[in-house]
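Peer 1: Pasting the sequence and the predicted model now:
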Amino acid sequence: MGTEASLLRYRTWYAALVRLYPPSFHAQFGEGLKQTFHDLCRERANARRGLAGFALWIYCETLVEIIRENTIAMTEMNKTILRAALGALALLMVPIAASQVVEGWNWELKGFVLTYVLFFGTGMAFALISRKMGAWSYKAGVGLALAAGFVLGWASMVHMSETENQLNLLYIGVLVAGGIGVWHARLQPRGLARVALGMAAALAVIALAAMLTWDVPERPGGNQSGLRGVCALLFATAGLLFRRASLAETK
Amino acid sequence: MPKKAAAQAPLTPAVLHILLALSTQERHGYGIMKQVEMDSLGKVNMGPGTLYGSISRMMDAGLIRVSDHRVDPEMDDERRIYYELTNTGQAALSAELERYRGVLTVAQGRFSYGN
């Protein structure tokens, strides 16, 4: 009875310690760590050997590894942030250069800041999501879906600022619904495939409905339609890539 | 690390022992620890932190992967996660053992090792 109570207590403390691992590591190996600790303690208890010193040794050993894993995670995160910041800066050079040479391109400072934030956010999202799986198809799917989302969001916002076409709200709605779908799918390839294909289908349906029912002045322009068509194609391709990653995962 | 490079790079003692433990069958964390202890005659004694840190890096390098196997008949716990060697892991183990053989051959020739 006393041994069982000790086992439970040591395991509870160990579970609290294991939570100090980086979240991704904890999600992947936390249960295994606790189970292994329990097995080791059980083995020791069955052999009627002392538990306290042994548990203390395991706590120290695990603490050293926790520090190590957190250091690795922080280093990786710093590298990721730096890469995303530099990548966003490189991309920002395009509108900066364009504003110098293209007539009528007169962005205010806040326009450049907003663009940089969007580039940086998209880059960080790619870096953080794509590391969830090693499969190239998953990473490519994430890249395509983010690129399509960025272009669709950007085009809709620009179009909304220039016209009062309410169709753009539908496109923004597709993006919001996609975001909710991604959250619900927990970044698993199977769920992401459904979300991306659903977004592609939604874009196609909206474009078709607009062509059939909207009054002529409010129909999206040719370039806008073409852009949304490309976005739908990118989402569809991303969906197929996620599906491929999902199938590879189950093999 | 690219998988081809991982298969050729020298291994740390912990990684070598884990690969050896998984070379005969898939095992869960505790099973790997016990096998490593047995293989090393009790000389390599890693804790859960070291074990799962190594497992994490080995999975990143493509040396091992999670197996579909779930239930240990003796332990009877569906939550246990089993690990198995990948082809890259098998190649890395073979390459490391070949290196050991090479070193042993040199040592035997130079010092009449074991005589």
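Peer 2: The structure has been received and is ready for your questions. Numbers count the residues shown, from 1 in each chain, chains lettered A, B, ... in the order given.
Peer 1: Could you use CA atoms for every contact and neighbour count after this?
Peer 2: Fine.
Peer 1: In the chain, where is pLDDT below threshold?
Peer 2: Just so you know, I chose chain A. Applying pLDDT under 70 to chain A picks out residues A:1, A:214-224, A:250-251.
Peer 1: Chain B was what I was after
Peer 2: Judged by pLDDT under 70, chain B has its weakly predicted residues at B:1-8, B:69-78, B:113-115.
Peer 1: Please work out how many residues are found near residue A:121.
Peer 2: Neighbour count of residue A:121, defined by other CA atoms under 10 Å in any protein chain shown: 16.
Peer 1: got the buried residues for the lengthiest helix in chain B?
Peer 2: What stands out as the longest helix in chain B, according to DSSP state H, is helix B:87-111. Using 16 or more other CA atoms under 10 Å in any protein chain shown as the test for burial, helix B:87-111 gives B:88-96.
Peer 1: Next, see if it gets close to chain A.
Peer 2: No - residues of helix B:87-111 contacting chain A under CA under 8 Å from any CA of the partner chain: none, with a closest distance of 14.7 Å.
Peer 1: Flag every buried residue along the helix or strand harbouring residue A:182.
Peer 2: Using DSSP states H and E, residue A:182 falls within helix A:167-185. By neighbour count, and taking 16+ other CA under 10 Å as the criterion, the buried residues in helix A:167-185 are A:167-168, A:171-172, A:174-175, A:178, A:181-182, A:185.
Peer 1: what comes into contact with stretch A:36-50?
Peer 2: A:3, A:7, A:11, A:14, A:51, A:55, A:58, B:29-30, B:48 (CA atoms under 8 Å, 6 or more residues apart in numbering or on different chains).
Peer 1: hey, where'd the helices end up in the stretch 101-250 of chain A?
Peer 2: Taking DSSP state H, counting those that start in this stretch to define them, one finds helices in the stretch 101-250 of chain A at A:109-130, A:136-162, A:167-185, A:189-213, A:222-250.
Peer 1: Turn those into JSON lines, columns for distance to residue A:99.
Peer 2: Output for those, formatted as JSON lines (distance: least, CA to CA, whole Å):
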{"stretch": "helix A:109-130", "distance to residue A:99": "10"}
{"stretch": "helix A:136-162", "distance to residue A:99": "16"}
{"stretch": "helix A:167-185", "distance to residue A:99": "26"}
{"stretch": "helix A:189-213", "distance to residue A:99": "31"}
{"stretch": "helix A:222-250", "distance to residue A:99": "21"}
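Peer 1: C-alpha coordinates for the helix holding residue A:182, CSV please?
Peer 2: Output of helix A:167-185 as CSV, limited to C-alpha atoms (Å, rounded to 0.1, in the frame of the first residue of the first chain):
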residue,chain,number,x,y,z
LEU,A,167,-18.1,39.6,-53.4
ASN,A,168,-14.7,40.3,-51.7
LEU,A,169,-16.4,39.6,-48.3
LEU,A,170,-17.2,36.1,-49.6
TYR,A,171,-13.6,35.5,-50.5
ILE,A,172,-12.5,36.8,-47.0
GLY,A,173,-15.2,34.4,-45.6
VAL,A,174,-13.6,31.5,-47.4
LEU,A,175,-10.2,32.4,-45.8
VAL,A,176,-11.8,32.6,-42.4
ALA,A,177,-13.6,29.3,-42.8
GLY,A,178,-10.3,27.8,-44.0
GLY,A,179,-8.5,29.1,-40.9
ILE,A,180,-11.2,27.5,-38.7
GLY,A,181,-10.9,24.3,-40.7
VAL,A,182,-7.1,24.3,-40.2
TRP,A,183,-7.5,24.8,-36.5
HIS,A,184,-10.0,21.9,-36.4
ALA,A,185,-7.8,19.6,-38.4
